[in-house]
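>>> Got a predicted structure here, sequence first:
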Amino acid sequence: MAEFSVSHNHADHVLVASPSSVVRQRVLESLASRTRRIEEAKGGAEALLQLEKGFWQKLILDRRLPDLDAEELSRTVRERFPSVEVVLVEHEKDDLADAAADALLPETCNAGLGGAKQDAGPLPDGQTEPGGTEDVSAEEALPGMIGRSAKMQAVYRKARLVAARDTTVLISGPTGSGKELVARALHDLSSRASRAFAVVNCAAIPETLLEAELFGYSRGAFTGAFQPYSGRIYAAHQGTLFLDEIGDLPLSLQPKILRFLEQREMQRLGSSQSVRVDVRVISATNVDLAALVREGKFREDLYYRLSVFPLVIPPLRDRPGDISELAEFFLGKFAAGGAPLALSDEALAVLRGAGWSGNVRELQNVMERAVILACGEPVIRAAHLMLAGGSESGTREIGRTPRCGA
């Protein structure tokens, strides 16, 4: 990423986000002589799009946004664009323009402003601000999800903010981190919960069949089309369409998906009629879509349409505090009908020290194997754990695996 030098009292690129045109104009006029480039956004989603498109050094953020919570948005910006300094301002204050202008002065920001608050940097997982009252367990987990670490709390907060809206959401995260669980939770928490949740795995369906699967087809549209098919998009009418592994969507189909997102209408193969569809779209990927855009493998305009509200799921290795709770949940699941199982301290230490390249799905597999190897013992020991890597069979055994009945 290109770097821009910032002088002691000058910032080159500033983005102002406020729903009030009067406020934006006052800020623009106030900063006109102090910055080389100023752009404006009417809301939080538009601000995110602007940040994606260019290089910014400061974001002056009105606390009263029409679409997103300013505090949550500031956290998202801090995570995704760590080089951007966020300044929160109160738009009802008479001195907002002066406060915003003063925010460009590093010494003023450090001293504190009456009308503006400089957003703090990220805190370690599980910690809160000194003297703060935030409880990392206070935010209720999303339906079907487990984890009380600070990073998962942030995911829960953002997901609940956007769940009730029809905003298009892009969920990114490594394989096995629970992206589909988040998508289902967004659907279950929305007004569309009683309607269909249609899933399309873009990587699992051959390119030659994917268009027909998504858009449907009319009778006789191609050889073998003896009966009409409405398609997955139409099946999600008034519900949610989940496009999993969206990074594998063929370039040839991307313009049609883009048109569907823009017009909310589709054409079945072999038909000249357009069909209006009321669908909320959620997509997921385990690859860097922005990198695919730079490589010419993914359309830039489609990327921006999909990522109106991004949600990033952290890998399991970045939230070790959740491992114990997840492991105990899986023990209960796989020991169903049998005696309750417990984790020994030694086994828990091994789990917390693992790399978890397969994330939560890998932990689930390890615990299922451990229940089998425990042979009815009430405690899971380190010897029952078989972690990925390190042996000819593709797993690494910790200690000597016990024999049932030995």
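Thanks, I have it. Residues are numbered from 1 along each chain as shown.

>>> Going by C-alpha atoms from here, please, whenever you check contacts or count neighbours.
Fine.

>>> and residue 183, how many residues sit next to it?
26 (other Cα atoms under 10 Å).

>>> go on, residue 295?
Around residue 295 there are 10 residues (other Cα under 10 Å).

>>> now residue 25
There are 15 residues near residue 25, going by other Cα under 10 Å.

>>> show me where the stretch 151-300 of the chain has helices.
179-188, 207-215, 232-235, 254-263, 289-294, 300-306 (DSSP state H, counting those that start in this stretch).

>>> Just give me the neighbour total for the closest residue to residue 319 other than its chain neighbours.
Leaving aside its chain neighbours, residue 319 sits nearest to residue 149 (6.3 Å; criterion: Cα to Cα, 6 or more residues apart in numbering). Residues near residue 149, counting by other Cα under 10 Å, number 19.

>>> contacting residues for residue 280?
With contacts defined as Cα atoms under 8 Å, 6 or more residues apart in numbering, residue 280 is in contact with 166-168, 238-241.

>>> What separation do you get for it and residue 192?
9 Å (Cα to Cα, to the nearest Å).

>>> hey, what's in contact with both of these two?
238-240.

>>> Could you check how far residue 299 is from residue 15?
25 Å.

>>> Now do the same for residue 332: its pLDDT.
Note on residue 332: pLDDT of 88.

>>> for the one 4 residues further on, same thing?
Confidence per residue is given as pLDDT, and for residue 336 that number is 72.

>>> Kindly report the same for residue 200.
Residue-level confidence at residue 200 comes out at 95, pLDDT.

>>> So for it, what's the nearest residue that isn't a sequence neighbour?
Here the residue nearest residue 200, using Cα to Cα, 6+ apart, is residue 243, at 5.1 Å.

>>> related to what we said a few turns ago, tell me which of residue 299 and residue 15 has more neighbours.
Of the pair residue 299 and residue 15, residue 15 is the one with more neighbours under other Cα under 10 Å, namely 22 against 18.

>>> is it true that the more buried one touches residue 38?
Yes: the pair residue 15 / residue 38 is scored as a contact, 5.8 Å apart, by Cα atoms under 8 Å.

>>> Tell me, how many residues neighbour residue 296?
Neighbour tally, residue 296, other Cα under 10 Å: 11.

>>> and residue 77, which of the three is it?
Look at residue 77: counting by DSSP: H, G, I helix; E, B strand; the rest coil, its state is helix.

>>> Any idea how many residues pack against it?
For residue 77, the neighbour count with other Cα under 10 Å is 18.

>>> Could you pull up the residues touching it?
48, 84, 86.

>>> hang on, the earlier thing: which one of the contacts of residue 280 sits in the busiest neighbourhood?
Within the contacts of residue 280, residue 240 tops the neighbour count with 28 neighbours, counted by other Cα under 10 Å.

>>> related to what we said a few turns ago, so the residue nearest to residue 319 versus residue 324, what's the distance?
11 Å.

>>> Over to residue 162?
Taking Cα to Cα, one finds residue 162 at 29 Å from residue 324.

>>> Next, format the helices of the stretch 151-300 of the chain as TSV and append mean pLDDT and distance to residue 345.
Shown next, in TSV, are the helices of the stretch 151-300 of the chain (pLDDT from 0 to 100; distance: least, Cα to Cα, whole Å):
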stretch	mean pLDDT	distance to residue 345
helix 179-188	95	29
helix 207-215	88	49
helix 232-235	92	48
helix 254-263	93	50
helix 289-294	93	40
helix 300-306	93	44
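
>>> wait, what's in contact with residue 18?
Listed by Cα under 8 Å, 6+ apart, the contact set of residue 18 reads 24, 40-43, 61-62, 64-65.

>>> Please repeat the previous calculation with a cut-off of 6 Å.
Residues in contact with residue 18 (Cα atoms under 6 Å, 6 or more residues apart in numbering) are 42-43, 62.

>>> re the thing from before, and which of the contacts of residue 77 is nearest residue 311?
residue 48 (12.1 Å; Cα to Cα).

>>> in the strand or helix carrying that closest one, what counts as buried?
Element membership for residue 48 (DSSP states H and E) is helix 44-53. For helix 44-53, the buried set under the neighbour-count rule, 16 or more other Cα atoms under 10 Å, comprises 44-51.

>>> which among the residues you listed gets closest to residue 230?
Nearest to residue 230 out of these is residue 45 (Cα to Cα; 32.2 Å).

>>> For the closest one, give its distance to residue 346.
Residue 45 is 46 Å from residue 346, by Cα to Cα.

>>> what's the answer for residue 315, then?
23 Å.

>>> more crowded one of those two?
residue 315 (21 against 12).

>>> For residue 47, which non-adjacent residue is spatially closest?
Here the residue nearest residue 47, using Cα to Cα, 6+ apart, is residue 41, at 5.3 Å.

>>> What is the burial count for that neighbour?
By other Cα under 10 Å, neighbour count at residue 41 equals 20.

>>> how about it, phi and psi?
For residue 41, the backbone dihedrals (degrees, to the nearest 10) come out as phi -140, psi 140.

>>> Quickly list what it is bridged to.
Beta-bridge pairing of residue 41, defined through DSSP bridges, involves residue 17.

>>> shouldn't it be in contact with residue 48?
No: applying Cα atoms under 6 Å as the test, residue 41 and residue 48 come out as separate, 9.0 Å apart.

>>> in the lengthiest helix in the chain, what counts as buried?
Longest helix in the chain by number of residues (criterion: DSSP state H): helix 359-374. Residues 359-360, 362-364, 366-371, 373-374 are the ones in helix 359-374 that count as buried (16+ other Cα under 10 Å).

>>> State the distance from the residue nearest to residue 264 when sequence neighbours are not counted to residue 172.
Nearest residue to residue 264, sequence neighbours excluded (Cα to Cα, 6+ apart): residue 277, at 5.6 Å. In this view, residue 277 and residue 172 are 25 Å apart by Cα to Cα.

>>> Give me the more crowded residue out of the two.
residue 172 (23 against 18).

>>> among the contacts of residue 280, which are in strands?
Mapping the contacts of residue 280 onto strands (DSSP state E) picks out 240-241.

>>> Run through the strands of the stretch 301-406 of the chain in chain order.
Taking DSSP state E, counting those that start in this stretch as the test, the strands found in the stretch 301-406 of the chain are 309-312, 342-343, 379-380, 386-388, 395-397.
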